[in-house]
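**Q** Structure of the sequence below:
(chains A, B and C)
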Amino acid sequence: MSIMSANHLTKIFQNHTVVDDLSFTLETGKCVALLGPNGAGKTTTLRMLAGFIKPSQGNIQFDEEQFTKDIRHYVGYLPQYPVFHNWMTGEEFLIYVGQLAYLSKNDAKTKAQELLDLVRLGDDKQKRIGKYSGGMKQRLGIAQALMHDPQLIILDEPVSSLDPIGRREVLNLIRELKKDATILFSTHILNDAEEVSDDILLLNHGKLLKQGAIHEIHSQQETKTIYLAFQDEPKFIEERLKEINSVFNIKRENAGFAITVHDVNEARSQLLEVIQSEGWNLTKFEVLTSSLEDIFIKAVTE
Amino acid sequence: MQWQTIYKKEMLDHWRHFKWIWVPIVFILFAVMDPLTAYFMPIILESAGNVPEGATIDIPNPSVGEAMIMSFSQLNMLGVLIAVVISMGLISRELSTGVYELILSKPVRYSHYITAKFTAMMTLLSVSIIIALITGWYYVTVLFGDLAFTQLLTSAIFYIFYFMLILSIVMVFNSFLTSPGLVAFLSIFTVVVLNAITSIFDHVITWSPMLISDYIGTYFFSGEIETDLYFSTGIAIIISLLLLWLSIFLLKRQEMH
Amino acid sequence: MDDLIIQLILPLVILQLILIVVALVDLRRVDETRGPKWVWILIIIFGNLAGPIIYFIVGRKG
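**A** From the prediction side, this is the model:
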């Protein structure tokens, strides 16, 4: 079941197309990473989904039976650089935004306490936000996004500005939140996406380059690489390998060869057959799965 | 309920930043400054001691009505200035710092956001104006003679609507600009232009809200409320409501990049 | 005459002092000001009525 679908989403700011014809659906309960280099249009996309900027073209559809009111009732949003009223305390601010989302004062108080403990700000809840560190503000930002128990949580670069410990904490928190809500978060760091997300949306120059489950994207790759190394490099090996029909490209790498192939299974048997019949002294045979990083770099630079 | 939440938070903001202390005090000082100076002027000149021997100082003492008008005219200048600068960042600062993005990610209605902020600021201004004018009235009656308290109170209420108009002008600029300084400049510029237009065509546009304080002045002399005062105040209210509606419209269109 | 002066001027002096004290309390509490804090102390104390007002309007940062 899908919680939301974006259809041909486009945003143009002063003749500059920031988001270009984006279409995708978010499945309920999934954690999706919106991946892309800086300036790819991630923030603009998230702001449109969160409901406070309007698409120039296209639309966003939420499940109408499930979401009858203003979509902001169901969406929790963390901006990339959350800014608060610095004169308020962390607790006051959470209660304030909770009430803005139509929680009663008592419910807001209870929820605020629960979330302050969750993001480990319980001891600092009476401090003015102006005195908080960057990491504390980021955690308070996550807490405020969760105040009204949103079904969809949108986080814009939730970990980019954090130190390694803070990053780890937030990623664990996201893993925790996955159990109850659908999460969409943007990042330009691949490891984060790989670590906690089920699906990815790869964005560059406002265009959607790839989308799908992480494991599918791995297997979707058109070409794969097989790495071969030999004890003594046989003569005419390159010429001989090129004759194999499943081999696409050969590149010298370190002491061996990185061979790009179309079909791994076919190539494996053909390669081994040739190696056996030629009597080459094979020392290494490795099928390389391309990392998400390869896919990312390939997609972005193409 | 959401409206009250924003209103209470704004009131807390005014309190934490001591606006509830300093704005009334400053307004009081404005309101008593001129009547007091006018009263003591002959004494000040005498004690300055540079009066030629035998010359008498003959500055006619202002009447009660004139003295009370002095109170109003200080608020008309400096009071308006203060009102503009304390509200120049009401929304524009939230837009420029980015707090607005967090607030608007919750299901906040634009109309609630604008009118709650407006009403909280109006509460502060109204209370300050009333306290200031009552203090001014006390000083005037002690120094210059009797003036009915009800007359003062009636005038003060009319006068509050003039400030309502000023504040709604500031709200309009707030809703599409992100620089508080620019908001203040354009608001004051607008008030100056409206005043100039009114004084050039004062026989034609007798209903101009800029004339409210003038009509209050005539009320102090005649003791009768002219229909023009009702008219100009009514126009002030109508324009204020239209400007608030315009602010809501403009804020809805506001987009962050 | 002197009584009247005291009766009328004294409350204003007190209000002015409250204004100065509140401005100084705020200055002490606030994290950051535009320009150095000691300059603001001078402005608040010696700036007459305008001193505290200017501080409240432009002194604080953020």
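**Q** Spatially central residue for chain B, please.
**A** residue B:163 (3.9 Å; C-alpha atoms, centre = their mean).
**Q** so it touches residue B:124, yeah?
**A** No: if you go by C-beta atoms under 8 Å, residue B:163 and residue B:124 don't touch, sitting 10.5 Å apart. The way it works is simple: take the backbone N, C-alpha and C, and place the C-beta from them, glycine included.
**Q** ok, back up a step: what's the helix or strand for the residue nearest to the centre of chain B?
**A** Assigned by DSSP states H and E, residue B:163 belongs to helix B:149-174.
**Q** and that helix, does that touch chain C?
**A** No: if you take C-beta under 8 Å from any C-beta of the partner chain as the test, helix B:149-174 misses chain C, and the best it gets is 14.0 Å.
**Q** Let me know the average pLDDT across that helix.
**A** Average pLDDT, helix B:149-174: 97.
**Q** for stretch B:123-143, same thing?
**A** Mean per-residue pLDDT for stretch B:123-143: 96.
**Q** again with stretch A:191-204
**A** Stretch A:191-204 comes out with an average pLDDT of 86.
**Q** Can you give me the buried ones in it?
**A** Within stretch A:191-204, the residues scored as buried using 16 or more other C-beta atoms under 10 Å in any protein chain shown are A:192, A:193, A:196, A:197, A:198, A:199, A:200, A:201, A:202, A:203, A:204.
**Q** now do stretch A:129-140
**A** Buried positions in stretch A:129-140, judged by neighbour count with 16+ other C-beta under 10 Å: A:129, A:130, A:132, A:135, A:136, A:137, A:138, A:139, A:140.
**Q** and what of stretch B:68-80?
**A** B:68, B:69, B:70, B:71, B:72, B:73, B:74, B:75, B:76, B:78, B:79, B:80.
**Q** which residues touch the fifth one?
**A** If I follow you right, that is residue B:72. B:133, B:155, B:159, B:213, B:216, B:217 (C-beta atoms under 8 Å, 6 or more residues apart in numbering or on different chains).
**Q** Residue numbers of chain A in contact with chain C?
**A** Chain A has residues A:86, A:130, A:131 near chain C, with proximity defined as C-beta under 8 Å from any C-beta.
**Q** now with 6 Å?
**A** A:86, A:130 (C-beta under 6 Å from any C-beta of the partner chain).
**Q** which stretches of chain A have low pLDDT?
**A** Residues of chain A meeting the criterion pLDDT under 70: A:218-223, A:289-294, A:300-302.
**Q** At the contact with chain B, which residues of chain C appear?
**A** C:15, C:19, C:22, C:26, C:49, C:53, C:56, C:57.
**Q** Quick check: residue A:250 is in a strand.
**A** Yes: assessed with DSSP: H, G, I helix; E, B strand; the rest coil, residue A:250 lies in a strand.
**Q** Okay, and the beta partners of it?
**A** Applying DSSP bridges to residue A:250 gives these bridge partners: residue A:259.
**Q** Give the burial count for it, as a bare number.
**A** 18 (other C-beta atoms under 10 Å in any protein chain shown).
**Q** Would you enumerate the residues in contact with it?
**A** A:238, A:241, A:257, A:259 (C-beta atoms under 6 Å, 6 or more residues apart in numbering or on different chains).
**Q** same deal with residue B:11?
**A** Per C-beta under 6 Å, 6+ apart, neighbours of residue B:11: residue B:120.
**Q** for residue A:224, same thing?
**A** A:261, A:264.
**Q** ok, it to residue A:266 distance?
**A** To residue A:266, residue A:224 is 11 Å away according to C-beta to C-beta, to the nearest Å.
**Q** circling back: which of the buried residues of stretch A:191-204 fall within helices?
**A** A:192, A:193, A:196 (DSSP state H).
**Q** quick one on the thing from earlier: just put the contacts of residue B:72 in TSV and tack on neighbour count.
**A** Output for these, formatted as TSV (neighbours: other C-beta atoms under 10 Å in any protein chain shown):
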residue	neighbour count
B:133	25
B:155	25
B:159	22
B:213	18
B:216	25
B:217	18
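**Q** shaky segments in chain C?
**A** Using pLDDT under 70, chain C drops low at C:1, C:62.
**Q** Could I get the full set of helices for it?
**A** Going by DSSP H, chain C shows helices at C:2-29, C:37-46, C:50-54.
**Q** Please identify the most buried of these.
**A** For those, the largest average neighbour count (mean count of other C-beta atoms under 10 Å in any protein chain shown) is found in helix C:50-54, namely a mean of 20.
**Q** residues making contact with that helix?
**A** B:26, C:19, C:20, C:23, C:43, C:44.
**Q** re the thing from before, for chain C, state which of the contacts of residue B:72 is nearest.
**A** Using C-beta to the nearest C-beta, residue B:133 comes nearest to chain C of the contacts of residue B:72, at 15.4 Å.
**Q** elements contacting the helix or strand containing the closest one?
**A** Take DSSP H and E as the rule and residue B:133 turns out to sit in helix B:110-144. Here helix B:110-144 touches helix B:2-16, helix B:19-48, helix B:64-74, helix B:149-174, helix B:227-253, going by 3 or more C-beta pairs under 6 Å, 6 or more residues apart in numbering or on different chains; DSSP states H and E.
**Q** Mind checking the ones you listed for the one nearest to residue A:212?
**A** helix B:227-253 (36.4 Å; C-beta to C-beta).
**Q** That closest one and chain A in contact?
**A** No: Helix B:227-253 lies apart from chain A when judged by C-beta under 6 Å from any C-beta; the minimum separation is 9.2 Å.
**Q** What's the local residue count around the closest residue to residue A:10 other than its chain neighbours?
**A** Using C-beta to C-beta, 6 or more residues apart in numbering or on different chains and skipping residues adjacent in sequence, the residue nearest residue A:10 is residue A:57, 4.0 Å away. Each residue near residue A:57 was counted by other C-beta under 10 Å, and the total is 14.
**Q** what's the answer for the one 4 residues further on, then?
**A** For residue A:61, the number of neighbouring residues by other C-beta under 10 Å comes to 12.
**Q** got it, and residue A:110?
**A** 14.
**Q** Likewise for residue A:54?
**A** By the measure other C-beta under 10 Å, the count of residues near residue A:54 is 13.
**Q** what about it, distance to residue A:68?
**A** Relative to residue A:68, and taking C-beta to C-beta, residue A:54 is found at 20 Å.
**Q** before we move on, what about residue B:45?
**A** Distance check for residue B:45 against residue A:68: by C-beta to C-beta, it reads 76 Å.
**Q** And for residue A:243?
**A** In terms of C-beta to C-beta, residue A:243 sits 65 Å off from residue A:68.
**Q** So which residues on the stretch 51-200 of chain A come close to chain B?
**A** A:52-53, A:70, A:72-73, A:77, A:79, A:83, A:87, A:96-97, A:99-101.
**Q** Switch the contacts of residue B:72 over to a markdown table; also include distance to residue A:26.
**A** Formatted as a markdown table, the contacts of residue B:72 follow (distance: C-beta to C-beta, whole Å):
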| residue | distance to residue A:26 |
| --- | --- |
| B:133 | 59 |
| B:155 | 61 |
| B:159 | 56 |
| B:213 | 59 |
| B:216 | 61 |
| B:217 | 65 |
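**Q** I'd like to know which of the residues you listed is nearest to residue A:3.
**A** Nearest to residue A:3 among the contacts of residue B:72, with distances taken as C-beta to C-beta, is residue B:159, at 54.5 Å.
**Q** Now do the closest one against residue B:196, distance only.
**A** Between residue B:159 and residue B:196 the computed distance is 21 Å (C-beta to C-beta).
**Q** Could you verify that residue A:274 is part of a helix?
**A** Yes: counting by three-state DSSP, residue A:274 is located in a helix.
**Q** any idea how far the helix or strand of chain B with the lowest mean pLDDT is from the chain center?
**A** Of all helical and strand segments in chain B, the minimum by mean pLDDT, DSSP states H and E falls on helix B:19-48, at a mean of 89. Mean C-alpha position of helix B:19-48 versus that of the full chain (C-alpha atoms, centre = their mean, to the nearest Å) differs by 18 Å.
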